[in-house]
Every structure is written in structure tokens, then in C-alpha cells.
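S.K.: Structure of the sequence below:
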Amino acid sequence: MSMKRTNVYADPADLALIKEAAKRRGISEAEIIRQGIHLAAMANRVWDEPLFSRTFEGAGRTLSRDEVRDAVADGVTGEAGTTA
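M.R.: Just a heads-up that it's a prediction; the model follows:
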């Protein structure tokens, strides 16, 4: 993987924590920072596709606990009543 160099300003206390974590884990401080950048990038990503593309038919109201239990049971046993 090719990487690009960049400069950032960081709080000295954060850098001390990174130094300590890198030593404890036996990896470089740069690797800890790269992991943090990746986590931040993924947490702020805007997805092109919706998380769920399927839509489900419903009653148009919040189901009761028994209705949810029955729907889950039907899904587990299959609509024909066979065991999964």
C-alpha cells in the first residue's frame, strides 16, 4: 500500500499516550496514528448505498412483543413450518 506523508498538530498529552501504547503493543507510534486516522475516516464516511436495500411490508404500527416473537419464530422455522 502506498502512503502519503502529512503533518498534523497534536496535543502533547495525546502524543504521550500514543508513545506509551506503541511501546506496550510493540508497534511504531506511526502505526498507532495510522490506525486512528483510519478509524476517524471510516466513522465519518458517507456511504453511497443505503445500509438496507430491502424494504419490508408491515402493519404500519409498532408490533407487540408477542407479534415480534411470532415473526422471529416463523423466520427460524420457515414459513412452511419446517425446522431450520
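S.K.: Kindly state the pLDDT recorded for the residue sitting nearest the centre point of the chain?
M.R.: Nearest residue to the geometric centre of the chain (Cα atoms, centre = their mean): Ala43, 7.9 Å. As predicted, Ala43 sits at a pLDDT of 91.
S.K.: try the one 5 residues further on
M.R.: Looking at Asp48, its pLDDT reads 81.
S.K.: repeat for Val68
M.R.: 88.
S.K.: about what we covered before: would you check how far apart the residue nearest to the centre of the chain and Ala30 are?
M.R.: 20 Å (Cβ to Cβ, to the nearest Å). Placement of C-beta: from N, CA and C, glycine included.
S.K.: what do you get for Asp14?
M.R.: For Asp14 relative to Ala30 (Cβ to Cβ), the value is 14 Å.
S.K.: try Lys19
M.R.: 11 Å.
S.K.: got it, and Met1?
M.R.: Counting by Cβ to Cβ, the gap from Met1 to Ala30 is 14 Å.
S.K.: ditto for Met3
M.R.: 9 Å.
S.K.: and the two? which has more neighbours close in?
M.R.: More crowded of Met3 and Ala30, by other Cβ atoms under 10 Å: Ala30, with 11 against 7.
S.K.: ok, Asp14 - contacts?
M.R.: If you count contacts by Cβ atoms under 8 Å, 6 or more residues apart in numbering, Asp14 has none.
S.K.: Go ahead and produce CSV holding the CA coordinates of the helix or strand in which Arg69 is found.
M.R.: Secondary structure assigned from DSSP states H and E places Arg69 in helix 65-77. Below are the C-alpha coordinates for helix 65-77, written out as CSV (Å, rounded to 0.1, in the frame of the first residue of the first chain):
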residue,chain,number,x,y,z
ARG,A,65,-43.7,-8.3,21.9
ASP,A,66,-45.7,-11.4,21.1
GLU,A,67,-46.0,-10.4,17.4
VAL,A,68,-42.2,-9.9,17.2
ARG,A,69,-41.6,-13.3,18.9
ASP,A,70,-44.0,-15.0,16.5
ALA,A,71,-42.4,-13.3,13.4
VAL,A,72,-38.9,-14.4,14.6
ALA,A,73,-40.2,-18.0,15.3
ASP,A,74,-41.7,-18.1,11.8
GLY,A,75,-38.5,-17.0,10.3
VAL,A,76,-36.5,-19.6,12.2
THR,A,77,-38.8,-22.5,11.4
